[in-house]
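Asks: Structure for the following, please:
(2 chains)
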Amino acid sequence: GENVEQHPSTLSVQEGDSAVIKCTYSDSASNYFPWYKQELGKGPQLIIDIRSNVGEKKDQRIAVTLNKTAKHFSLHITETQPEDSAVYFCAASSGDTGNQFYFGTGTSLTVIP
Amino acid sequence: GAVVSQHPSRVICKSGTSVKIECRSLDFQATTMFWYRQFPKQSLMLMATSNEGSKATYEQGVEKDKFLINHASLTLSTLTVTSAHPEDSSFYICSASLAGVGTQYFGPGTRLLVL
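Replies: Now for the predicted structure:
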């Protein structure tokens, strides 16, 4: 089965700096990679996703890159703000409706004002 | 769009009672819904996958007679924790999969405390 690893487990950055979270996956059949942000006591919120037919996707201050050959993908947050503080989860899936998501272990991001 | 609600958001019950949690996709039809359990500072643990009109598929180690799942319509799935015990206390989260897209949208979660 699929195995997703996520690093680092905790990350502290100064406000305005960039944050990078990295994930690796093992199953070459995975072709859909979403990222979720989870605030304390709330459900995960989809912030960006990427499919295997593209290498990079951006949405304002957030970007995701994918290297299919190396089987890794990364979340990049630029110009971080205190409200970016949360736990971030990566996931991998075959992308079909109803297919299981395999989640990373999460990264607790703290943005220091 | 793609909003998922859960009810209740928080429930406290006595040991031995049953608790039902509802998960609704508010603005889309979800052919598949998922139920997760999350312990503090841990990742999401998939409990079961629920398809509308059919029996749920449970992950290994999850007791289907204890965690009853019903997916009666394309917008509603329910999880019933039967004869709850303190070890069932946890954060339960559902998600709904948008047909043809594969993305999962999560509900806000339900905090269950069994005394």
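Asks: So what's the residue count around A:S74?
Replies: 18 (other C-beta atoms under 10 Å in any protein chain shown). Heads up, the C-betas are built off the backbone N, CA and C, glycines and all.
Asks: can you pull up the bridge partners for it?
Replies: A:K22, A:T65 (DSSP bridges).
Asks: host element of A:F33?
Replies: With secondary structure defined by DSSP states H and E, A:F33 is part of strand A:32-38.
Asks: does the helix or strand following that strand come close to chain B?
Replies: Proceeding C-terminally, strand A:32-38 gives way to strand A:45-51 as the next helix or strand, assigned by DSSP H and E. Yes - Strand A:45-51 comes into contact with chain B (C-beta under 8 Å from any C-beta of the partner chain), by way of A:Q45, A:L46, A:D49.
Asks: doesn't A:P34 make contact with the second one?
Replies: Yes - taking C-beta atoms under 8 Å as the definition, A:L46 is a contact partner of A:P34 at 5.8 Å.
Asks: Against B:A48, how distant is the residue nearest to the spatial centre of chain B?
Replies: Closest to where the C-alpha atoms of chain B average out (C-alpha atoms, centre = their mean) is B:W35, at 3.6 Å. Here B:W35 is placed at a distance of 5 Å from B:A48 (C-beta to C-beta, to the nearest Å).
Asks: Please enumerate the shared neighbours of those two.
Replies: Shared contacts of B:W35 and B:A48 (C-beta atoms under 8 Å, 6 or more residues apart in numbering or on different chains): B:A56, B:F67, B:I69.
Asks: now, which of the residues you listed sits nearest chain A?
Replies: Using C-beta to the nearest C-beta, the shortest approach to chain A within the shared contacts of B:W35 and B:A48 belongs to B:A56, at 11.9 Å.
Asks: Flag the shaky bits of chain B, pLDDT-wise.
Replies: B:99 (pLDDT under 70).
Asks: before we move on, back to that, name the member of the shared contacts of B:W35 and B:A48 with the most neighbours.
Replies: B:I69 (24 neighbours).
Asks: Excluding chain neighbours, what is closest to that one?
Replies: Across the structure, with C-beta to C-beta, 6 or more residues apart in numbering or on different chains as the measure, the residue nearest B:I69 apart from its sequence neighbours is B:A56 (4.0 Å).
Asks: With A:E79 instead?
Replies: A:R61 (5.4 Å).
Asks: The nearest residue to A:D17 once chain neighbours are set aside: what secondary structure?
Replies: Distances taken as C-beta to C-beta, 6+ apart put A:T80 closest to A:D17, at 5.9 Å, once the chain neighbours are dropped. Per DSSP: H, G, I helix; E, B strand; the rest coil, the local secondary structure of A:T80 is coil.
Asks: State whether A:T80 and A:S12 are indeed in contact, as I suppose.
Replies: No - assessed by C-beta under 8 Å, A:T80 is found out of contact with A:S12, at 10.3 Å.
Asks: Same drill for those two, tell me which one is more crowded.
Replies: Between A:T80 and A:S12, counted using other C-beta under 10 Å, A:T80 has the larger neighbour count: 21 against 13.
Asks: who touches that one in this structure?
Replies: Contacts of A:T80 (C-beta under 8 Å, 6+ apart): A:V13, A:Q14, A:E15, A:G16, A:D17, A:S18, A:A19, A:R61, A:L109, A:V111.
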